[in-house]
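[1] need a structure here:
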Amino acid sequence: MKNLPLLVHDWDNAILHIDADAFFATCEQATNPSLKGKPVVVGRERGIVTAASYEAKSRGIRRGMRLSEVKKLCPDAVLITSDYEKYSLFSFRLMEILRRFSPLVEPYSIDEAFVDLTGLRRPFHASYHELGLKIKSTITNELGISVSVGISLTKTLAKVASRHQKPDGLTVIPGREIHHYLSRLPVGEVWGIGPNTAAWCAKLGIYTALDLARKPADFIQRYFSKPFYEIWQELNGTIVYPVKPEPKTTYLSISKARTFPATCDRLTVLAHLSTNLEDACFKARRYQLAPQRLILFLRTQEFKECAVELKLTTPSAYPPLLTPFFEQGFNQLFQNGVWYRQTGVILTHLVPVNRVQPSLFDDPIRLEKIARLYQAVDRLKVREGVTVLTDGLAPGTTASSQDRLSIPVLKIRV
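    Alright, predicted model coming up:
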């Protein structure tokens, strides 16, 4: 039974999953060749490891580890401040390369994407394996980073394939070979199955992904909820989650957070929180949304978190109109003498701007002036970048920005 294939055909569909290897650390190595081959650790500004190169991982360094532990474990580790603008640029270029091969590309995160390759063998005169190799080599040649690639019939199986050989691997799983890969995969490592579900599976005698896939449909429907039935279908080669190239346009909430060297200075903490508010509001305005509630949170050096939720009188994504609530919330949260390392803002209960009705106490002329001002601000940010204009409270140019400008960068066409 274990050796019987789940499917008797190979390619009804072909979905590629691409996962950049140690993305942040690899981007740093790509833009600064002197870092290649060295244990690179990103996250200096947070005091913990955000990302580690494979050289660092081989020395026992893991994500979330304190930098003090890193220094003991790997004294020659190169500690680098995170540069999210750089990583976003690499991500943008990565997605552009994928779109040269297929119009159906779904960015899944900054360093992951799904691509629908179905039917592309003939136009490219190549097998799916050859297409995967071509995509991998194009990315490596143009961006200087390595990626792991998996190709199979569904998104779930493509994720299984991309994780099979990391880093810098390519695994292709046709329909008749699915059972070979699932038989060696613990069920808890399947995309979408967490520790609790894995524990439930064990009670039902399901230990591997193949055990789950071989169960009959009525068994799955009796003991599992709909999302896990969908995973079961995907493991059996039936597409439930198609590749969706459309960018996300709806949000239940929008959040922005920032980590910085710990400080007890009131103005510095306020400045970071103000930047969070401006960034979150900018994103809300891009999608024509306005929050009805505002959540502010601060995280201390000891990782303790405090937060406050504020109900707005009128939904708005213009920071000047949120200032009274913002100041009220910050005064409730901030405590003198406490060291803070992270701030954050969450805009919730979002509603379309065209449904917002001003209250009787709002000044319509002032509202009109603010709206026109932010239309100009937003156009400038879209054209020149989000940091071209900032709130007067926002922190100034950081050392990391200055450092970044001095790094010899790879030629990347945008």
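
[2] list the helices and strands whichever helix or strand Ile346 is part of packs on?
    Using DSSP states H and E, Ile346 falls within strand 340-352. Using 3 or more C-beta pairs under 8 Å, 6 or more residues apart in numbering; DSSP states H and E as the contact criterion, the elements in contact with strand 340-352 are strand 253-263, helix 266-286, strand 289-300. Where you see a C-beta, it was placed from the backbone N, CA and C, and this is true even at glycine.

[3] ok, now with 10 Å
    strand 253-263, helix 266-286, strand 289-300, strand 305-311, helix 319-333 (3 or more C-beta pairs under 10 Å, 6 or more residues apart in numbering; DSSP states H and E).

[4] how about the ones you listed in a markdown table, adding distance to Gly144?
    Below are these laid out as a markdown table (distance: least, C-beta to C-beta, whole Å):
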| stretch | distance to Gly144 |
| --- | --- |
| strand 253-263 | 27 |
| helix 266-286 | 29 |
| strand 289-300 | 34 |
| strand 305-311 | 38 |
| helix 319-333 | 39 |
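
[5] Now tabulate these in TSV and tack on mean pLDDT and distance to Arg366.
    Below are those laid out as TSV (pLDDT from 0 to 100; distance: least, C-beta to C-beta, whole Å):
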stretch	mean pLDDT	distance to Arg366
strand 253-263	85	24
helix 266-286	91	17
strand 289-300	92	16
strand 305-311	90	21
helix 319-333	92	9
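
[6] Would you convert the ones you listed into CSV that also reports distance to Tyr241 and mean neighbour count?
    Listed next are the helices and strands packed on strand 340-352 as CSV, based on distance: least, C-beta to C-beta, whole Å; neighbours: other C-beta atoms under 10 Å:
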stretch, distance to Tyr241, mean neighbour count
strand 253-263, 23, 17
helix 266-286, 25, 20
strand 289-300, 26, 20
strand 305-311, 33, 13
helix 319-333, 37, 16
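
[7] In its sheet, which strands sit next to the strand holding Ile346, and in what direction?
    strand 253-263 (antiparallel), strand 289-300 (antiparallel) (DSSP bridges).

[8] Report the mean per-residue pLDDT for the helix or strand following it.
    For strand 340-352, the succeeding helix or strand toward the C-terminus, using DSSP H and E, is helix 364-384. The average pLDDT for helix 364-384 rounds to 81.

[9] Against which helices or strands is helix 364-384 packed?
    Using 3+ C-beta pairs under 10 Å, 6+ apart: helix 364-384 touches helix 266-286, helix 319-333.

[10] Measure how the shortest one sits relative to strand 305-311, angle-wise.
    The one in question is helix 319-333. Relative orientation of helix 319-333 versus strand 305-311 (axes from the mean of the first three to the mean of the last three C-alpha atoms, to 10 degrees): 130 degrees.

[11] Any regions of the protein where pLDDT drops low?
    Residue ranges of the chain with pLDDT under 70: 1-2, 247-250, 360, 382-414.

[12] Mind telling me which residue is nearest the centre of it?
    Geometric centre of the chain, nearest residue: Ser109, 3.8 Å, by C-alpha atoms, centre = their mean.

[13] Phe24 - how many residues pack around it?
    24 (other C-beta atoms under 10 Å).

[14] For it, list the residues it contacts.
    40-43, 50-53, 80, 82-84, 86-87, 90, 110-111 (C-beta atoms under 10 Å, 6 or more residues apart in numbering).

[15] Kindly report the same for Phe90.
    20, 23-24, 26-27, 30-31, 110-111, 139, 143-145, 410, 412 are the contacts of Phe90 under C-beta under 10 Å, 6+ apart.

[16] any idea which element it lies in?
    With DSSP H and E as the test, Phe90 turns up in helix 84-101.

[17] After that helix, which helix or strand is next? Please name it.
    Following helix 84-101 in sequence, per DSSP H and E, is strand 105-109.

[18] other SSEs contacting the next helix or strand after that following strand?
    The helix or strand immediately downstream of strand 105-109 is strand 112-116, counting by DSSP H and E. Under the contact definition 3+ C-beta pairs under 10 Å, 6+ apart, strand 112-116 sits against strand 15-20, helix 84-101, strand 105-109, helix 128-143, strand 147-152, helix 155-164.

[19] can you do 6 Å?
    strand 15-20, strand 105-109 (3 or more C-beta pairs under 6 Å, 6 or more residues apart in numbering; DSSP states H and E).

[20] of all those, which lies closest to Gly169?
    Gly169 lies closest to strand 15-20 among the helices and strands packed on strand 112-116, at 9.7 Å (C-beta to C-beta).

[21] Following the chain onward from that closest one, which element is next?
    Downstream of strand 15-20 (by DSSP H and E), the next one is helix 23-31.

[22] what about Leu79, distance to Gln301?
    18 Å (C-beta to C-beta, to the nearest Å).

[23] Contact partners for Pro174?
    Pro174 makes contact with Asp10, according to C-beta atoms under 6 Å, 6 or more residues apart in numbering.

[24] same thing but 8 Å
    Asp10, Trp11, Ser152, Leu153 (C-beta atoms under 8 Å, 6 or more residues apart in numbering).

[25] my read is the second one is in a helix, agree?
    Looking back up the chat, that one is Trp11. No - checked against DSSP: H, G, I helix; E, B strand; the rest coil, Trp11 lies outside a helix; its state is coil.

[26] my guess is it contacts Thr154, does it?
    No - the criterion here is C-beta atoms under 8 Å, and Trp11 misses it with Thr154 at 11.7 Å.
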